[in-house]
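Enquirer: Model the following, please.
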Amino acid sequence: MHRNDQGRSSGLMLVVILLVIVIVALLFAAQMGAFGIGNSGGSPTAQTPDPVAQAQDAVDAVNERIEQYGSYGEEP
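Expert: Numbering: from 1, shown residues only. Down below sits the predicted model:
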C-alpha cells in the first residue's frame with residue numbers, strides 16, 4: 001500500500017515557519033522597546049533609585065539590627 005506523507009510534512013514545515021516568524025517579531029519588538037519606541041512612561045533611569053543610597057540604606061538597616069540585638073557572641 002502506498003502512503004502519502006506530503007500533507008504531514010508540509011503542515012510541520014508551516015508550523016516551524018510560523019514559530020520562527022513569531023520569535024523574530026518578539027525580538028524585533030524588544031529591540032524597538034530598547035530604543036524607546038512604544039514606551040508609555042518616562043525614562044527608566046529616572047525611576048531607578050540611586051544604587052549608592054540604596055546600599056547605604058541597607059547597611060544602616062543591618063547596623064540597626066546589630067545594635068538592637070547586640071553582637072553574635074553575647075547572651076541576652
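
Enquirer: what about the protein, any weak spots by pLDDT?
Expert: 1-8, 37-49, 71-76 (pLDDT under 70).

Enquirer: what about the longest helix in it?
Expert: helix 6-34 (DSSP state H).

Enquirer: buried ones in that helix?
Expert: When burial is assessed from 16 or more other Cβ atoms under 10 Å, helix 6-34 yields no buried residues. The way it works is simple: take the backbone N, C-alpha and C, and place the C-beta from them, glycine included.

Enquirer: For that helix, name the packing helices and strands.
Expert: For helix 6-34, not one helix or strand is in contact under the criterion 3 or more Cβ pairs under 8 Å, 6 or more residues apart in numbering; DSSP states H and E.

Enquirer: Work out for me the element Val62 sits within.
Expert: helix 51-69 (DSSP states H and E).

Enquirer: From Val24, how far off is Ala30?
Expert: To Val24, Ala30 is 11 Å away according to Cβ to Cβ, to the nearest Å.

Enquirer: okay, and the common contacts of these two?
Expert: Common neighbours of Ala30 and Val24, counting by Cβ atoms under 8 Å, 6 or more residues apart in numbering, are absent.

Enquirer: Now for Gln31: which residues touch it?
Expert: Counting by Cβ under 8 Å, 6+ apart, Gln31 has no contacts.

Enquirer: Could you tell me how far it is located from Leu19?
Expert: Going from Gln31 to Leu19 by Cβ to Cβ gives 19 Å.

Enquirer: Likewise for Ala29?
Expert: Taking Cβ to Cβ, one finds Ala29 at 16 Å from Leu19.
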